[in-house]
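S.K.: Requesting a structural model of the entry that follows:
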Amino acid sequence: MRFRFKEFRVYQDGKEFCLFCRSNIKEHILAIDRGLADQIQRALNSILLNIAEGSADNSDAEFARFLGISIRSVYETVAGFDIAAQYDYIDQNLNTEIEEKAHNLVKQLASFRNKLRSQATGE
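M.R.: The predicted model follows:
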C-alpha cells in the first residue's frame with residue numbers, strides 16, 4: 001500500500017518547515033520554556049498529520065477540511081514563535097524568517113484546499 005500524502009509537494013515542504021522550526025525550538029526555546037516548546041511542536045506535528053489523515057479519505061471535501069486544520073496549525077506555530085520573540089527567546093530576524101516560510105506553506109495549503117473544494121463542487 002502506498003501512502004499518497006508522501007508524494008504531495010506541500011507535505012514535503014511541510015516537513016522541511018517542521019525540521020527548520022524544530023531545530024530552532026531546540027536551540028533557542030526548549031531549555032528556557034518547555035511548555036511553549038511543547039505547544040509549538042504539537043502544532044508542527046499537526047500540520048503534517050492532518051495532511052496525511054485527510055489524504056486517507058476518498059472525499060475531496062473532507063480532505064479540504066483537514067488542510068484547513070493544517071493551515072490553522074501553521075498559524076499556531078507562527079503565534080508560538082511570536083511569543084518566543086516577545087520573551088526574547090529568539091531574535092526578530094529569526095521570527096521574520098519563520099513567518100516568511102510559514103506564509104509560503106499556508107499559500108500552498110490554501111491553494112491545494114481550494115483545488116479540492118472546486119473538485120468537490122464540480123466547478
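S.K.: Tell me the gap between the longest helix seen in the chain and the middle of its chain.
M.R.: Counting residues, the longest helix in the chain under DSSP state H turns out to be helix 92-121. Here the centre of mass of C-alpha atoms in helix 92-121, compared against the chain's by Cα atoms, centre = their mean, to the nearest Å, lies 8 Å away.
S.K.: next one: stretch 41-60
M.R.: The answer for stretch 41-60 is 10 Å, by Cα atoms, centre = their mean.
S.K.: Give me the buried stretch members for that stretch, please.
M.R.: 41, 43-44, 46-55, 60 (16 or more other Cβ atoms under 10 Å). For every residue, glycine as well, the C-beta is placed using N, CA and C.
S.K.: Could you check how many residues crowd around residue 91?
M.R.: 12 (other Cβ atoms under 10 Å).
S.K.: who's in contact with the residue lying closest to it once chain neighbours are set aside?
M.R.: Leaving aside its sequence neighbours, residue 91 sits nearest to residue 85 (Cβ to Cβ, 6 or more residues apart in numbering; 7.2 Å). Neighbouring residues of residue 85 by Cβ atoms under 8 Å, 6 or more residues apart in numbering: 91-92, 94-95.
S.K.: What of residue 64?
M.R.: For residue 64, the contact set (Cβ under 8 Å, 6+ apart) comprises 54, 113-114, 116-117, 120.
S.K.: now with 7 Å?
M.R.: Residues near residue 64 by Cβ atoms under 7 Å, 6 or more residues apart in numbering: 113, 116-117, 120.
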